[in-house]
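Novice: sharing a sequence plus its predicted fold:
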Amino acid sequence: MAPGAFSSYDMCVVSEEQIQKWADEAEAGYDVEELKRRGRGRPGRGAEPMQVVAVRLTAEELDALDAAAAKGRMSRSEAIRAALAHFAA
């Protein structure tokens, strides 16, 4: 992918109304104690630690993955996990 380019996975349209809601929320301030209680990092998917696996894909494979994920309203990771579950079944 060319520098500065992005895939359909990266695109998200945000309305002026949503931006105004975020601005109003920020201007009202945040409860610092509540933010601290949230914890750090991504929430776990289970009781066991997860492993990160790097996979190299061609631009065409990545485009196909993004299209399949968008069609299923999934993230890339969710689409890959679904494909692996189907493969392993």
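Specialist: Looks like it came in fine.

Novice: hey, let's count contacts and neighbours off CA atoms from now on
Specialist: Fine.

Novice: could you measure from the residue nearest in space to the middle of the chain over to residue 50?
Specialist: Using C-alpha atoms, centre = their mean, the residue of the chain that lies closest to the mean C-alpha position is residue 75, 5.3 Å off. Distance, residue 75 to residue 50, by C-alpha to C-alpha, to the nearest Å: 17 Å.

Novice: show me the strands in the chain, by range?
Specialist: Read by DSSP state E, the chain holds no strands at all.

Novice: what about the helices in it?
Specialist: Taking DSSP state H, the helices of the chain run over residues 16-28, 32-37, 59-71, 76-88.

Novice: quick revisit: the residue nearest to the centre of the chain contacts residue 69, doesn't it?
Specialist: Yes - using C-alpha atoms under 8 Å, residue 75 is in contact with residue 69, at 5.9 Å.

Novice: tally of neighbours for residue 63?
Specialist: Residue 63 has 15 neighbours, counted by other C-alpha atoms under 10 Å.

Novice: brain fart, residue 66
Specialist: Residue 66: 21 neighbours (other C-alpha under 10 Å).

Novice: so where is the protein shaky, pLDDT-wise?
Specialist: For the chain, the stretches with pLDDT under 70 are 1-11, 38-44.

Novice: residue furthest from the geometric center of it?
Specialist: Outermost in the chain, C-alpha atoms, centre = their mean: residue 28 at 27.3 Å.

Novice: measure that one to residue 36 for me?
Specialist: Counting by C-alpha to C-alpha, the separation of residue 28 from residue 36 is 18 Å.

Novice: distance-wise, check residue 28 relative to residue 21.
Specialist: Distance, residue 28 to residue 21, by C-alpha to C-alpha: 11 Å.

Novice: likewise for residue 50?
Specialist: Per C-alpha to C-alpha, residue 50 is found 35 Å from residue 21.

Novice: and for residue 25, the neighbour number?
Specialist: Residue 25: 11 neighbours (other C-alpha under 10 Å).

Novice: if you could redo that for residue 65, that was the one I meant.
Specialist: 19.

Novice: correct me if wrong: it contacts residue 76.
Specialist: Yes - at 6.9 Å, residue 65 counts as touching residue 76 under the criterion of C-alpha under 8 Å.

Novice: good, we can wrap up now.
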